[in-house]
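S.K.: Here's a sequence, model it:
(one chain, ligands or ions: 2)
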Amino acid sequence: MLFQYRLISRGLKFKHNATNGQNKKLSAEINIKGKNQQMPAPFKHLFTPINIGGMKIKNRIIMPAMSVNFGVDQNGYATSRLTEYFCARAKAGTGMIIVGGGAVDEIGKELPDLPALWKDGAIPHLERMTQKVKSFGAKFGIQLMHGGRQTCQDFKVAPSAIPAPALVKGTPKQLNKKEITQIINGFGDAAARCQKAGFDFIEIHAAHGYLINQFMSLNSNKREDEYGGSFENRIKFFIEIIKNIKLKTDEKLPIGIKINGKDYIKDGWEIEDAVKLAPILERQGAAYINVSGGVYGSKQLTIPSMYVKFGCFAQLAAQVKKAVSIPVVAVGRIKSPELADNIIEKKFADAVAMGRAHIADPQLAEKAYKGKIKDIRPCIGCCFGCIHQVFNLNEAICVVNPNMGREYLLNEKIKQTEKPKKILIIGAGPAGLAAARTAALKGDKPIIIEEKGNVGGMAKAASAAPGRKEVADIIDYFENQLEKLKVKILLNTPLNQKIIDKIKPDKAVIASGSLADIPLIKGISKTDMQICAVYDILLKKSVCGYNVIIIGGDRAGLTTADYLAEKGKKVVVLHKDKHFAQDMSANDRYYLRERLKKGDITLYKEATLKEILKDGVIFKYKGGGESTCRI
Ligand SMILES: Cc1cc2nc3c(=O)[nH]c(=O)nc-3n(C[C@H](O)[C@H](O)[C@H](O)COP(=O)(O)O)c2cc1C
Ligand code: SF4
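M.R.: Numbering: from 1, shown residues only. Ligands and ions are numbered 1, 2, ... in the order given. Here you go, the predicted structure:
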C-alpha cells in the first residue's frame, strides 16, 4: 500500500537566526543586458535572417501569440506591464513577437483581460507599446481573433448553434448574415487600428477552434447557406476577412495567418484541407502561414503537456510548406534551439514559433545565439502556470519563471547586497536550489546542505514516472547555474547543531520539502502489507508486489499508478475528493488519464479509508457503499 505525499512541514528546529521559509526578496531575477554581436551563432539555420512579407527578420525565432490574460486596463487598453513583458523578449533578440488574443469585437473576446481592438481608444496605448518593443529590433505584430463558441462569456456566437465540445459551456447563437458581415468588418477595422498603432504586421487567428476555424470545420459548421457545406463555402468567411483587411489597411502591411494543420476531432479540419487552403491564402497575399493543431476538447491538444513528443505539429507544417512558396512556421513543443534549428535545416518549416519556451526564459534567443544552451531556463511542459491559469480566468504565470508578468516591477539587474551574508539553505530540492541561485546572484554566500546523496528532492521522484522526465530539466538547469556561481552543495549532510556551529550562517532558508501523509487509521500497525510512500517507489527505494493500493489520487498518486501499471502491476487508487489530480493542469491530466486507461488500474473517487486489514483495506466510496479490497 502506498501513500501519496502532501506538503507537510518537517518542523525543523534549530538556533541561529533562522528565517522561516523562502525569503521573498530572494525571488528577483537578473536580466542579461547587451549582446555580443561578435559571437558566431551556433545554430546557423535558426540565425539566418529571413524576409517575411517584406519584413527583414534578423532570425527565425518567433514568440507566437499567447493570451496571457493580463496587461490591459479595465477598458482593454495595453498597459506598461504588457509592454515590459514583450520588451524583455525583444531585448534578447527574438526575431518576431506576436501579441496574443486581440479581440475584434466584444462578444468574441475569449478571456476577460485581452486587448480590445474594436475601440479607437486602444490605439495610443498600443502605440506606446509598439514603439518601445520595436526599438529593440524585433518585428512586432498582433493577433486578431474572434472566439466564436470558444469564449469565457455567457453569450456566444458561432456558424451553427453547436456548443464547444469542452472547457466552456453554453450553446452559441447561430450567426445571421448581417452579423457575419459585421464581424468581417470588425476584423478589417481592428487591423486598421493595429496598423495605425505601429504594428509591423498582423496575424489572423484561424486556428484552435476559434470562430474562423469554426466556419472552416464541418464539426462546427452545419450551415446550409453560402457559408456552409462545400470547402469553398466554409472558407468564404475567412477569405472575406482577408479581403476586408486588405481594403482597410496599407497594402504593405504583412498579414500572417495561423491555421490548424488538423483539428484532431471528429468531422474536423484535416491536413488535406490545410494543404488545399494554403495556396489560396498565398494568392490572397498572406505573408506567412503558421501551422498548429487542436481545438477545445480535441484528442491532441493545442498546448500539449510533457507527455507529447517535441515538435508535435512540425509534420503538419512540412506538408503545408510543400504547397506554398511563402514562409511556413512550425509550432508546438519546440523548446530547444537544437530542435528549432533542425526543423529549419530539414525544411519542415522556414521559421519556428517557440511559445512556452519564451514564457519560461525571456532570454531564450540571446542564449541560443551565444550557444549558452545550459543557461536556458527550460519550460517543463507542465501547463500548470500558463494555460491552466488562463483557462481558469487567472493571469498566466510560469512554474519555472516567477518573473513572468512581473518584468515591469523588476530592475534591469538584481540589486547587489551591500553586506554579503552567509546563507544556509536547508534542502537541495527545486526551492532550495532556486533560493541559492538568487542569493548568489545578489552577492550573498549561500551554502546548501542536503541530507540525501543527490539534489532535486521530490522533483527527482516526480520525474521518474513515465513521460515526466522533463520535470528534471529544471533541476539540471539549477545544478548547472549553481556550479557556475560556485555555490557549495553539501550532500549527505543532515541539519544539526554541529553543522550550524560549523557554518555559522547569518540567515537560513528552510527548503526541506515534503513528507508522506500517512494517517493513523485503525489496523495500520497490524497489517502484513508493505506500507511506503509513493516517492520510495519512484526513487526505487522500495519494490512492491503485484497488487498495489494507492491512497491518494492527486498527481503523485496517479503518476505512481501509471509507473506501476507500466511494470505490469495491478493497481487500485482510493481518492478522497470528487476530482482526481486537481494539482495538475487540465492539459497535463488529460494525457495522464489517457495513459491510465491502458493499465490495470481501478480508480475510486470520494473514497474514505475505514480500516486497514492484514491483507487489504475497507473503504467507503460514493455510489458504492462499504467495500473491501484485498491484495
Ligand atoms: C498561455 C497561452 C496562451 C495562448 N494563447 C494563444 C492565442 O491567443 N493565440 C494563439 O494562436 N495561440 C495561443 N496559444 C498557443 C501558442 O501560440 C502555441 O501555439 C502553443 O503554446 C504551442 O507552442 P509551444 O509548445 O511552443 O508553447 C497560447 C498558449 C499559451 C501557453
Ligand atoms: S507553466 Fe509550465 S508549461 Fe507553462 S511555460 Fe512554465 S514551465 Fe512551461
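
S.K.: Run through the stretch 151-300 of the chain and note the low-pLDDT ranges.
M.R.: The stretch 151-300 of the chain contains no residues with pLDDT under 70.

S.K.: which residues in it form helices?
M.R.: Under the criterion DSSP state H, counting those that start in this stretch, the stretch 151-300 of the chain contains helices at 177-196, 211-216, 231-248, 271-283.

S.K.: Any chance of TSV for these, columns mean neighbour count and distance to ligand 2?
M.R.: The way it works is simple: take the backbone N, C-alpha and C, and place the C-beta from them, glycine included. Shown next, in TSV, are the helices of the stretch 151-300 of the chain (neighbours: other Cβ atoms under 10 Å; distance: least, Cβ to the nearest ligand atom, whole Å):
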stretch	mean neighbour count	distance to ligand 2
helix 177-196	20	26
helix 211-216	28	23
helix 231-248	19	30
helix 271-283	18	26
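
S.K.: In JSON lines: those helices, plus distance to Tyr477.
M.R.: Output for these, formatted as JSON lines (distance: least, Cβ to Cβ, whole Å):
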{"stretch": "helix 177-196", "distance to Tyr477": "36"}
{"stretch": "helix 211-216", "distance to Tyr477": "36"}
{"stretch": "helix 231-248", "distance to Tyr477": "41"}
{"stretch": "helix 271-283", "distance to Tyr477": "36"}
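
S.K.: Please tabulate those in a markdown table and include distance to ligand 1 as additional columns.
M.R.: Shown next, in a markdown table, are these (distance: least, Cβ to the nearest ligand atom, whole Å):
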| stretch | distance to ligand 1 |
| --- | --- |
| helix 177-196 | 14 |
| helix 211-216 | 10 |
| helix 231-248 | 15 |
| helix 271-283 | 15 |
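
S.K.: now the residue nearest to Ala586 when sequence neighbours are not counted: how far from ligand 2?
M.R.: Closest residue to Ala586 apart from its sequence neighbours, by Cβ to Cβ, 6 or more residues apart in numbering: His388 at 6.1 Å. From His388 across to ligand 2, the span is 8 Å (Cβ to the nearest ligand atom, to the nearest Å).

S.K.: element containing His388?
M.R.: In this structure, His388 sits in helix 387-391 according to DSSP states H and E.

S.K.: So for that helix, mean pLDDT?
M.R.: Mean per-residue pLDDT for helix 387-391: 96.

S.K.: returning to that earlier point: what residues does the residue nearest to Ala586 make contact with?
M.R.: 585-588 (Cβ atoms under 8 Å, 6 or more residues apart in numbering).

S.K.: ok, now which ones touch the closest residue to Gly624 other than its chain neighbours?
M.R.: Spatial nearest neighbour of Gly624, excluding adjacent residues (Cβ to Cβ, 6+ apart): Tyr604 at 7.4 Å. Tyr604 makes contacts with 572-575, 619, 621, 624, as judged by Cβ under 8 Å, 6+ apart.

S.K.: Pull the most distant pair out of those residues.
M.R.: Greatest spacing in the contacts of Tyr604, by Cβ to Cβ: Val573 and Gly624 (14.1 Å).

S.K.: neighbour count winner among those two?
M.R.: Counted by other Cβ atoms under 10 Å, Val573 and Gly624 do not tie: Val573 has more neighbours, with 25 against 11.

S.K.: No further queries at this time; thank you.
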